[in-house]
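Colleague: quick one, fold the following:
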Amino acid sequence: MKTKLKILTLCAATLWSLPSFAATYPITVTDVAGRTITFNQPPQNIALSTSRIFPLLEIIYQQDAAKHLVAARNDMQVSAPSMYANYIKHYPSLKNVAKIGLIKSGEFDAERFINLKPKPDLFIVDLSNIKLAQDNGLLKKLAAAGIKVIAVDFRENPIKNTVRSVESVAKAVGREAQGQAFAHYYLDHVAELQKKLAQYPNLKPKKVFIERAAGYSDSCCRTFANGNMGAYIPFLKAINIADKPLDGAVTGQMSPETVITAHPDVYIMQTTGWVNDKGQPTHGIPLGYNPNPAAIKAATSALMDRDWLQAVSAYQTKNVYSIYMPFYNSPYNLVAMEYFAKWIHPNVFKDLNPEKTFEEMNKQFGHRIVSGDFGQNNFKAMQ
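Modeller: Residues are numbered from 1 along each chain as shown. Sure thing, here's the model as predicted:
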């Protein structure tokens with residue numbers, strides 16, 4: 001594995017040395033929504049429907065990522081504050097990026113967007129908003145204004161669409177080599193997970209539950225079935241206890257009683273350190289960049305102190321974990337997949353190091369040195 005990674009690092013360095021103008025335009029790309037988009041020249045001014053996918057631009061442009069971002073929704077600041085603080089230190093200009101509204105909620109102002117200075121020439125939109133943007137005429141309006149739209153997906157079907165998303169955007173902006181370098185790394189790591197699991201054909205499938213946005217509100221238990229981080233569970237040869245109760249839905253609600261009676265072997269809280277409109281922290285566990293151990297311990301204890309949770313079998317065997325929620329909509333979702341692998345199959349993946357993978361991806365693709373706490377055993381965090 002180390003030899004492979006060294007080779008990939010050298011390949012990536014070579015690929016990055018290629019000039020961005022090596023591509024010949026016009027170029028036609030097919031995005032994850034199956035749409036074909038033709039570019040007569042490389043777009044320069046990019047807008048993001050969700051700022052939490054800013055790592056996508058970093059993978060493609062490295063140190064020049066912020067120079068190409070002209071507009072984005074402010075969800076990173078509210079829903080991933082430690083991520084925002086980390087990126088602001090590295091890219092101070094992000095504080096001045098024009099804010100846009102959420103398409104789903106009707107807050108997106110198309111006229112204002114079209115008249116931004118500098119004007120976006122590429123709008124990267126998450127897959128969940130593309131159909132709505134098409135149905136309400138937004139895509140047609142943007143096309144008439146000369147703004148291209150590419151759909152990406154790191155959340156609905158991450159295993160299938162992450163690499164496709166990165167490669168399509170990289171090709172569109174004339175930096176296909178960067179997309180290919182990422183694809184090689186990502187697919188190599190996914191193949192290693194599959195190879196390792198194949199060595200244990202008689203593994204008894206464990207039952208897993210994901211609590212969506214643990215600590216965001218007082219209610220429980222929102223969860224995922226076959227999409228989002230729920231997609232990692234069957235991939236890792238385990239059983240998602242939400243599959244039957246949700247009956248085909250990607251996300252939904254389960255009661256604490258239903259979770260208890262399903263007897264999950266592993267319980268994973270998807271969480272982060274959200275802040276409210278006043279910038280005050282909520283009850284989520286503030287995992288992420290530059291973590292505060294005391295705050296993590298206090299927030300973890302609060303969530304673990306719920307009476308019904310203590311009746312869950314995974315609690316009784318001390319198999320309750322927390323994952324940094326922003327991975328659910330990030331090209332770095334590979335890190336969450338590796339955490340899941342270690343937690344579901346600790347003996348199989350005892351040598352797996354998700355923290356190292358995250359640091360390595362940032363260094364190799366973003367040219368940044370980062371660290372933090374992005375996954376934990378909740379019992380150990382309370383010690």
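
Colleague: average pLDDT for stretch 219-231?
Modeller: Confidence for stretch 219-231, expressed as mean pLDDT, is 92.

Colleague: and that stretch, how far out from the chain's middle?
Modeller: 14 Å (CA atoms, centre = their mean, to the nearest Å).

Colleague: again with stretch 122-131
Modeller: Stretch 122-131 sits 15 Å away from the centroid of its parent chain (CA atoms, centre = their mean).

Colleague: span of that stretch from start to end?
Modeller: Its start and end residues considered, stretch 122-131 measures 17 Å (CA to CA, to the nearest Å).

Colleague: quick one: buried residues of the biggest helix by length in the chain?
Modeller: Using DSSP state H, we find that the single longest helix of the chain is helix 176-198. Within helix 176-198, the residues that count as buried by 16 or more other CB atoms under 10 Å are 176-186, 189-190, 192-193, 197. To be clear about C-beta, it is placed using only N, CA and C from the backbone, and glycine gets the same treatment.

Colleague: okay, that helix in CSV with CA atoms only?
Modeller: C-alpha atoms of helix 176-198 as CSV (Å, rounded to 0.1, in the frame of the first residue of the first chain):
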residue,chain,number,x,y,z
GLU,A,176,-8.5,17.0,-16.2
ALA,A,177,-5.1,15.8,-14.9
GLN,A,178,-6.0,16.9,-11.4
GLY,A,179,-9.3,15.1,-11.5
GLN,A,180,-7.6,11.9,-12.7
ALA,A,181,-5.0,12.1,-9.9
PHE,A,182,-7.9,12.3,-7.3
ALA,A,183,-9.7,9.5,-9.0
HIS,A,184,-6.7,7.2,-8.9
TYR,A,185,-6.2,7.8,-5.2
TYR,A,186,-9.9,7.5,-4.2
LEU,A,187,-10.5,4.4,-6.3
ASP,A,188,-7.3,2.8,-5.0
HIS,A,189,-8.4,3.2,-1.4
VAL,A,190,-11.9,1.9,-2.1
ALA,A,191,-10.4,-1.1,-3.8
GLU,A,192,-8.2,-1.8,-0.8
LEU,A,193,-11.4,-1.8,1.4
GLN,A,194,-13.0,-4.3,-0.9
LYS,A,195,-9.9,-6.5,-1.1
LYS,A,196,-9.6,-6.7,2.6
LEU,A,197,-13.3,-7.6,3.1
ALA,A,198,-12.9,-10.3,0.4
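
Colleague: ok, back up a step: which one among the buried residues of helix 176-198 gets closest to Asn129?
Modeller: Ranked by distance to Asn129 (CB to CB), those are led by Gly179 at 22.0 Å.

Colleague: doesn't Ala170 make contact with that closest one?
Modeller: Yes: counting by CB atoms under 8 Å, Ala170 is a contact partner of Gly179 at 2.7 Å.

Colleague: thinking again about what came up before, next helix or strand past the longest helix of the chain?
Modeller: strand 207-211 (DSSP states H and E).

Colleague: what's the helix or strand just after that next one in contact with?
Modeller: Scanning forward in sequence from strand 207-211 by DSSP H and E, the next helix or strand is strand 222-224. Identification of contacts with strand 222-224 by CB atoms under 8 Å, 6 or more residues apart in numbering yields 209-213, 230, 240, 242, 246, 250-254.
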